[in-house]
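# Provide a 3D model corresponding to the input given below.
(chains A and B)
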Amino acid sequence: MAQTDDQGHSPPEGDWRREYWRRNLRLMVILLSIWFIVPFGGGVLFVEQLNQVSFGGYPLGFWIAQQGSIYTFLILILIYAVRMDRLDDKFGVSERDEEGQRR
Amino acid sequence: MSNIQIWTLTFIVLSFAVYIFIAWRSRVAETKGFYVAGQGIPTVANGAAIAADWMSAASFISMAGLIAFLGSDGSIYLMGWTGGYVLLALLIAPYLRKWGRFTVPEFVGDRYSELVRTVAAAAAVIISFTYVVGQMNGGGIVFSRFLNIDINGGVVIAAAIIFTYAVLGGMKGITWTQVAQYTVLIIAYLIPAFAVAQAVTGIAIPQISFGQILDELNALSTEFGLDRYTEAFTARPMIDIFLVTLTLMIGTAGLPHVIIRFYTTKTVRGSRYSAFWALLFIGLLYTTAPAVGAFTKFNLLEGVQGRTVDQLPQWIENWRATGLVTINPDATTIESVSNSADAGADLTVNNDILVLASPEIAGLPAPIVGLVAAGGMAAAMSTAAGLLLVISSSVSHDFYFRRFRKHAHDRERLLVGRIAMAGAVVVAVIAGINPPAFVAQVVAFAFGMAASSFFPAIVLGIFWKRCNAKGAAAGMITGLALTIAYMIYTLEVFGTPENEHILDISPEAIGAIGAAVNFIVAIVVSKLTSPPPKHLEELVENLRYPAERRTVPTTGSSGNSTGEEA
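Okay, here's the model as predicted:
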């Protein structure tokens, strides 16, 4: 579904655009893979195997399903927001006022 | 009036007074204020408003109770109702904020066509309406138990308050009220949870301490003829757990009342951080809920273990009046406990009361019981208000003004927005008084519909320039039709006979399949038909970059850019 081709832009203009979008998509795909693997792998598909392991009083699979995945989601969003701030700045597309302060 | 009633009344009147005060302070005079709060909400406040908007009567009142009886399989709600925020933050929020208009149907309408806009507006109204009914009813339960007001009276009182601030202040009033409501509901949820955790384990942080009672809880559950608490797949088979969780996640990211909350931030960057703050605020309750479920079940089972019917704790007597706790007339000692009346257990406890009753079950003082009641009301009202805004904006902004009054003035638009809001409140009251099924169940269906209609259309609209109007319309219609058809096929609620689940897939799980069908149909149909016009490709291209490119890079040149990121 994620297609990155940018038709109809002259090369110098199109280059940074393509590069910015490619980096955004790469970050997104990595984070979404973790988003999928932790709850569905640890909390559903392999929950019974992981429950054999004890984690601070909790069966590990049970803990991932009822606590761990929520912490994972939170960290993923934070990583995305921080990394995108850097990416936006790097490509000069962050939202700033005339003095260069964040809006 | 009992001590508990006096405290409940005090907290409810106080919190309602705050909401009305905020509403008066944030009344609006233009449509931008009414629909998107003038795009001026600070990030952290927006996060709190999203959290209150999101956490409904189902989250606050029903969820911990559901988890208490589902045990390990209750994780579907915990993972499902939080995982969607990752999708929102990465796939939807920043792009729709960049586009920067008023409603969700407006985005798909501008991106695709008028037909898609109308389908989307209709879907937004149906989804939000399904969802609002549960809120009204949840509010009614709080009133009826704590103040001995009849459920219908409770629904009308709650609606009158929402009416005041939603009609006066629109999105701006709703947002600032939601910030206050989040504060009320999270305090009301956490205080009893911490107190119960401290009382049972000696460690006050429930997230850490509920692990300590799981072994005992497993043993107690077995004794009462229930499944072991931490055993997976006792309530639902694995494939169903997988698909329900996925449906709730995708549905979260497709719910119009959640998506529009990201339109109100000041910047694109703000919308990303809003998602973070929102999930942090939501996570506070969602990581506490499984602990509340486990502790309450533990206290409940331990409290009735081996007791004869006339020796039962006082809270059971208090709640029997609502009909939500029943004792089998043939029972002498309590030997089995269930949440379903059909099970014929000695003691039947409805899911919906466990959170509201948890302070009483743990024997906490009356002010805390009153606070929990006010928290339940805050959760129900904040979500209802967000939903009512979607209903009114879909009807007025996306339908009436698109079809009949294309060139209306701002004053007329604001007036019609307010009239639509008033109408939506009245309809919600009527439906809240005659609810179709119990609270969380109703909400679950809204997710299936949102997952199978909006999410694919929006994501394709942002990430695939080639997706065209025919593809999106065909995808939405087939996805939605499949989902609704399967719900009607498997559920009696709609007056049709109940059929067997196909491949163990429950009606709550069908949304994920509906979404997949929507994606496939949209892609195939788009490929077979002509590409969208040039100006739409440019619209999509522009969504990708938060701001116009500056020739001088900011990194390094501005002293506080790195400081802010730390």
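# residues near the nearest residue to B:Glu360 once chain neighbours are set aside, how many?
What sits nearest to B:Glu360 in space, not counting adjacent residues and going by Cβ to Cβ, 6 or more residues apart in numbering or on different chains, is B:Trp315, at 3.8 Å. Any C-beta I mention is one placed from the backbone N, CA and C, and that applies to glycine too. A total of 21 residues lie near B:Trp315 under the criterion other Cβ atoms under 10 Å in any protein chain shown.
# secondary structure element for B:Trp315?
For B:Trp315, the host element (DSSP states H and E) is helix B:314-320.
# Average pLDDT for that helix, rounded please.
Model confidence over helix B:314-320 averages 77 on the pLDDT scale.
# now it, how far from the chain's geometric center?
29 Å (Cα atoms, centre = their mean, to the nearest Å).
# What are the buried residues along that helix?
Residues of helix B:314-320 classed as buried under the neighbour-count rule (16 or more other Cβ atoms under 10 Å in any protein chain shown) are B:315-316, B:318-319.
# who does it touch, helix- and strand-wise?
Based on contacts counted as 3 or more Cβ pairs under 8 Å, 6 or more residues apart in numbering or on different chains; DSSP states H and E, the elements that helix B:314-320 packs against are strand B:325-327, helix B:354-361.
# Of these, which shows the lowest average pLDDT?
For the helices and strands packed on helix B:314-320, the weakest mean pLDDT is recorded on helix B:354-361, namely a mean of 77.
# what helices or strands is that one leaning on?
Helix B:354-361 is packed against helix B:63-70, helix B:114-147, helix B:151-201, helix B:268-304, helix B:314-320, helix B:366-393, with contacts defined by 3+ Cβ pairs under 8 Å, 6+ apart.
# As TSV, these with distance to B:Ala331 would be great.
Compiled in TSV, the helices and strands packed on helix B:354-361 are given as follows (distance: least, Cβ to Cβ, whole Å):
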stretch	distance to B:Ala331
helix B:63-70	19
helix B:114-147	23
helix B:151-201	26
helix B:268-304	10
helix B:314-320	12
helix B:366-393	27
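# These: which one's closest to B:Arg411?
Within the helices and strands packed on helix B:354-361, the stretch nearest B:Arg411 is helix B:151-201; the backing value is 13.8 Å (Cβ to Cβ).
# Briefly note if whatever helix or strand comes next after that closest one comes near chain A.
Scanning forward in sequence from helix B:151-201 by DSSP H and E, the next helix or strand is helix B:206-209. Yes: taking Cβ under 8 Å from any Cβ of the partner chain as the criterion, helix B:206-209 and chain A are in contact, through B:207-208.
# And the contacts of helix B:206-209?
A:56, A:67, B:193-194, B:196-197, B:200-203, B:287-288, B:291-292, B:295 (Cβ atoms under 8 Å, 6 or more residues apart in numbering or on different chains).
# filter those to the buried ones?
A:67, B:193-194, B:196-197, B:200-201, B:287-288, B:291-292, B:295.
# Tell me which of those residues has the lowest pLDDT.
The member of the buried ones among the contacts of helix B:206-209 with the lowest model confidence is B:Val200, at 80 (criterion: pLDDT).
# Could you point out the longest helix of chain A?
Across chain A, the longest stretch assigned as helix under DSSP state H is helix A:11-36.
# Could I get the pLDDT score of the closest residue to B:Ala278 other than its chain neighbours?
Nearest non-adjacent residue to B:Ala278, counting by Cβ to Cβ, 6+ apart: B:Ile50, 3.7 Å away. Model confidence at B:Ile50, given as pLDDT, is 89.
# Tell me how many other residues crowd whichever residue of the stretch 51-200 of chain B sits closest to chain A.
Among all residues of the stretch 51-200 of chain B, B:Ser75 sits closest to chain A, at 3.6 Å; criterion: Cβ to the nearest Cβ. By the other Cβ under 10 Å criterion, the neighbourhood of B:Ser75 contains 27 residues.
# elements contacting whichever strand or helix holds it?
Secondary-structure element containing B:Ser75, defined by DSSP H and E: helix B:75-87. For helix B:75-87, the packing partners by 3+ Cβ pairs under 8 Å, 6+ apart come out as helix A:11-36, helix A:69-90, helix B:63-70, helix B:238-254, helix B:268-304, helix B:439-463.
# Tell me which of the ones you listed approaches B:Asp110 most closely.
The stretch from the helices and strands packed on helix B:75-87 with the least distance to B:Asp110 (Cβ to Cβ) is helix B:439-463; that distance is 9.4 Å.
# and the end-to-end length of stretch B:86-100?
From its first residue to its last, stretch B:86-100 covers 21 Å (Cα to Cα, to the nearest Å).
# And it, what's buried?
For stretch B:86-100, burial by neighbour count (16+ other Cβ under 10 Å) applies to B:86-99.
# what about that stretch, average pLDDT?
Stretch B:86-100 comes out with an average pLDDT of 90.
# Now do that stretch: distance to the chain's middle.
19 Å.
# what's near enough to touch the residue nearest to the spatial centre of chain A?
Within chain A, the residue whose C-alpha comes closest to the C-alpha centroid is A:Leu31; the distance, by Cα atoms, centre = their mean, is 3.2 Å. Each residue near A:Leu31 by Cβ under 8 Å, 6+ apart is listed here: A:76, A:79-80, B:86, B:90.
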